[in-house]
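Colleague: predicted model follows, preceded by the sequence.
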Amino acid sequence: MAGCNLDCAYCDTQYAKENYTELSIDEILAQIKKYNCSLVQITGGEPLIQTESFKLIKKLCKKNYTVLVETNGTISIKNLSKKVIPIIDIKCPSSKEHTKFNFDNIKYLKKHHEIKFVISDLNDYIWAKNMLEKYKLYNKALVLFSTVYGKISPKELGELILRDNLKVKLQLQLHKLLELK
């Protein structure tokens, strides 16, 4: 989805703010139907800033798709269908947007939901680790630690996770590692 209500320092989807093609919900459903899939991930930008996203999500759920919604966590997930799996990105300090998270979202988390921290450096790692502990996030949802591409290496982040025995998954941006567009 196009548009975002944040301006992260390391944003890798600037194009979602300016270059986009507007499609109706029916046009989007027709595009999805072309693929033999049962899972749809809605991402952006920030998909929840568009009220039409909620209508799209409802229609996808009604058609029995597994729906993942990747959100920056600034907008409440309270009204998302219980069938939806939110992937909530808690912005770290290097993003310059870490103060805008809606902490009410933590009370809506379920075990099958995902929380993601995109980590740029050791300071972000320590901050994320403190957030894990402060909010007991590893008891509420699956926690992912991902790297800011070109900043901290996956190897370095993996070693930190192992060293501290964190209950998190290391997430890699395979499309970047494989140089896919």
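Modeller: In hand now; what should we look at?

Colleague: endpoints of stretch 90-110, how far apart?
Modeller: One end of stretch 90-110 sits 16 Å from the other (CA to CA, to the nearest Å).

Colleague: one more: stretch 81-95?
Modeller: Stretch 81-95 has an end-to-end distance of 29 Å (criterion: CA to CA).

Colleague: cool, stretch 97-108 as well?
Modeller: Taking CA to CA, stretch 97-108 runs 22 Å from one end to the other.

Colleague: buried residues, that stretch. List them.
Modeller: Within stretch 97-108, the residues that count as buried by 16 or more other CB atoms under 10 Å are Glu97, His98, Phe101, Asn102, Asn105, Ile106, Tyr108. C-beta: built from backbone N, CA, C; applies to glycine.

Colleague: okay, the second one and His112: tell me how far apart.
Modeller: Here His98 is placed at a distance of 25 Å from His112 (CB to CB, to the nearest Å).

Colleague: just Leu178 next, same as before
Modeller: Applying CB to CB, the value for Leu178 to His112 is 27 Å.

Colleague: got JSON lines for the buried residues of stretch 97-108, with distance to Leu23 and pLDDT too?
Modeller: Below are the buried residues of stretch 97-108 laid out as JSON lines (distance: CB to CB, whole Å; pLDDT from 0 to 100):
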{"residue": "Glu97", "distance to Leu23": "27", "pLDDT": "94"}
{"residue": "His98", "distance to Leu23": "32", "pLDDT": "95"}
{"residue": "Phe101", "distance to Leu23": "29", "pLDDT": "96"}
{"residue": "Asn102", "distance to Leu23": "28", "pLDDT": "97"}
{"residue": "Asn105", "distance to Leu23": "28", "pLDDT": "97"}
{"residue": "Ile106", "distance to Leu23": "33", "pLDDT": "96"}
{"residue": "Tyr108", "distance to Leu23": "29", "pLDDT": "96"}
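
Colleague: make JSON lines out of those residues and add distance to Asn5.
Modeller: JSON lines is the format used below for these (distance: CB to CB, whole Å):
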{"residue": "Glu97", "distance to Asn5": "9"}
{"residue": "His98", "distance to Asn5": "14"}
{"residue": "Phe101", "distance to Asn5": "12"}
{"residue": "Asn102", "distance to Asn5": "11"}
{"residue": "Asn105", "distance to Asn5": "14"}
{"residue": "Ile106", "distance to Asn5": "19"}
{"residue": "Tyr108", "distance to Asn5": "19"}
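
Colleague: could I get those residues as JSON lines with secondary structure and distance to Tyr135?
Modeller: JSON lines is the format used below for the buried residues of stretch 97-108 (DSSP: H, G, I helix; E, B strand; the rest coil; distance: CB to CB, whole Å):
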{"residue": "Glu97", "secondary structure": "coil", "distance to Tyr135": "18"}
{"residue": "His98", "secondary structure": "helix", "distance to Tyr135": "14"}
{"residue": "Phe101", "secondary structure": "coil", "distance to Tyr135": "11"}
{"residue": "Asn102", "secondary structure": "coil", "distance to Tyr135": "13"}
{"residue": "Asn105", "secondary structure": "helix", "distance to Tyr135": "10"}
{"residue": "Ile106", "secondary structure": "helix", "distance to Tyr135": "6"}
{"residue": "Tyr108", "secondary structure": "helix", "distance to Tyr135": "13"}
